[in-house]
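1. Starting from these lines, generate the structure:
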Amino acid sequence: MTEYNSFIGVDVSRHHLDIHILSTGHQERIANSFEAASALMARHPGAAFACEATGGYERALLHAAHACGQAIWRLHPADVHAFGRLVGQRAKSDPIDACKIARACACVAETRKPTHVRPHSDAVRDLVMLRSHCLDMITLWRGHLTRLSGAARRIATRQLQHALRMKAELTAQIAAAIAAEDTLEEQAKRLTSLPGVGPITAAVLIADMPELGTLSARQAAALAGVAPHPRQSGSRQKTGRCSGGRSRLRRTLYMAALAAIRAQKDPFAGCYKHLRENGKPHKIAITAVMRKMIVALNQITKEKRNWKPA
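-> Residues are numbered from 1 along each chain as shown. Below is the predicted model of the structure:
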């Protein structure tokens with residue numbers, strides 16, 4: 001395990017970063033910019049940094065850590081909140097949150113790998129996010145059209161057509177963003193060599209799972225939310241249940257698995273058929289296919305090769 005000389009928590013807001021150094025208790029506030037974050041990293045070589053996921057405001061900090069070769073963890077806000085309750089820190093302010101994050105960093109550095117940062121995939125991530133929102137709007141307007149009439153129906157129809165045009169434009173922009181970066185284009189080609197994985201699935205994998213290729217099979221399945229976790233207490237032994245993971249990635253994997261099964265693409269269609277013939281319900285069978293797919297995708301990314309049937 002890597003040894004760090006200090007643990008530094010960073011509470012991120014739109015305009016500034018609140019810093020807490022665990023070993024000394026020192027606190028300060030700096031601008032939320034790449035330059036200020038890089039200067040912070042330069043002052044603390046060998047330190048472990050952590051922040052919460054904020055929906056994008058932490059991007060400058062992550063890029064600075066990547067550029068300076070510093071380890072950084074992007075933590076789920078719910079995990080930091082639960083940790084604060086565990087250690088009795090229920091008060092909330094930016095400096096207090098930075099302290100909680102620093103204490104959580106000291107724990108998480110022992111069990112998790114640092115966050116994998118790929119600055120050149122930011123454009124793809126933003127476009128994938130917008131396309132996902134666009135799909136939600138398409139579903140919403142189509143639902144409205146089933147029960148509207150008159151002027152309301154005409155307005156809903158225009159909104160649906162606009163959302164469909166946006167979807168087509170975003171799909172083209174995603175393809176262009178991947179083609180503009182050689183490393184992303186090579187990765188997309190490898191990913192789409194797997195049956196059932198198309199350009200959009202590859203884009204979601206690039207955007208939502210930058211760690212792909214650096215994980216074990218179990219870690220990859222857990223991040224995708226397709227790893228069953230045991231549920232045992234006392235004499236009770238329940239069937240394992242999949243939980244957690246990255247929801248957009250899981251939904252995309254489901255569609256990819258469904259496409260592979262319907263197209264009768266081996267080995268995934270064969271795996272699904274075998275499980276169904278042995279009495280497994282559809283949900284369990286297709287989840288097993290999703291797990292098989294993400295493990296294969298992780299392996300071909302790790303080995304930098306196209307998929308080949310065994």
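2. which residues touch the most centrally placed residue in the chain?
-> In the chain, the centroid-proximal residue (C-alpha atoms, centre = their mean) is residue 208; its distance is 3.6 Å. By C-beta atoms under 8 Å, 6 or more residues apart in numbering, the residues touching residue 208 are 125, 128, 246, 248-249. Glycine gets a C-beta too; all of them are placed from N, C-alpha and C.
3. Just checking: the least confident one among those residues is which?
-> Within the contacts of residue 208, residue 246 has the lowest pLDDT, namely 83.
4. Spatially nearest residue to that one (excluding sequence neighbours)?
-> Setting aside the residues directly before and after it, residue 246 is nearest to residue 208 in space (C-beta to C-beta, 6 or more residues apart in numbering), at 5.3 Å.
5. can you give me the strands in the protein?
-> Using DSSP state E, the strands of the chain run over 7-12, 16-21, 27-31, 48-52, 71-75, 228-233, 236-242.
6. and the ones you listed as a markdown table, adding distance to residue 137, mean pLDDT and mean neighbour count?
-> Converted to a markdown table, the strands of the chain look like this (distance: least, C-beta to C-beta, whole Å; pLDDT from 0 to 100; neighbours: other C-beta atoms under 10 Å):
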| stretch | distance to residue 137 | mean pLDDT | mean neighbour count |
| --- | --- | --- | --- |
| strand 7-12 | 29 | 96 | 25 |
| strand 16-21 | 33 | 96 | 21 |
| strand 27-31 | 35 | 95 | 15 |
| strand 48-52 | 28 | 95 | 27 |
| strand 71-75 | 28 | 93 | 20 |
| strand 228-233 | 33 | 71 | 10 |
| strand 236-242 | 28 | 69 | 11 |
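7. a markdown table please, covering the ones you listed and showing distance to residue 166.
-> Output for the strands of the chain, formatted as a markdown table (distance: least, C-beta to C-beta, whole Å):
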| stretch | distance to residue 166 |
| --- | --- |
| strand 7-12 | 29 |
| strand 16-21 | 34 |
| strand 27-31 | 34 |
| strand 48-52 | 30 |
| strand 71-75 | 29 |
| strand 228-233 | 37 |
| strand 236-242 | 32 |
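8. Near residue 219, how many other residues are there?
-> Residues lying near residue 219 (other C-beta atoms under 10 Å) number 15.
9. Provide a list of residues in contact with it.
-> Residue 219 neighbours (C-beta under 8 Å, 6+ apart): residue 211.
10. any idea how far it lies from residue 298?
-> 8 Å (C-beta to C-beta, to the nearest Å).
11. Make sure residue 194 is actually in contact with residue 293.
-> Yes. Counting by C-beta atoms under 8 Å, residue 293 is a contact partner of residue 194 at 6.7 Å.
12. Neighbour count for those two, which is higher?
-> Using other C-beta under 10 Å, the more surrounded residue of residue 194 and residue 293 is residue 293, with 26 against 21.
13. if I pick the more buried one, what's in contact with it?
-> Residues near residue 293 by C-beta under 8 Å, 6+ apart: 194, 196-197, 253, 256-257, 260, 268.
14. Pipe the residues you listed into CSV and attach distance to residue 41 and pLDDT per row.
-> Below are the contacts of residue 293 laid out as CSV (distance: C-beta to C-beta, whole Å; pLDDT from 0 to 100):
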residue, distance to residue 41, pLDDT
194, 37, 92
196, 41, 91
197, 36, 93
253, 35, 93
256, 38, 93
257, 41, 93
260, 43, 91
268, 43, 89
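15. from those residues, which ones fall inside helices?
-> Under the assignment DSSP state H, the contacts of residue 293 contribute 253, 256-257, 260, 268 to helices.
16. What remains of the residues you listed if I keep only buried residues?
-> Those of the ones in helices among the contacts of residue 293 that meet the buried threshold are 253, 256-257, 260, 268, by 16 or more other C-beta atoms under 10 Å.
17. which one of those residues sits closest to residue 56?
-> Of all those, residue 56 sits closest to residue 253, with 23.6 Å by C-beta to C-beta.
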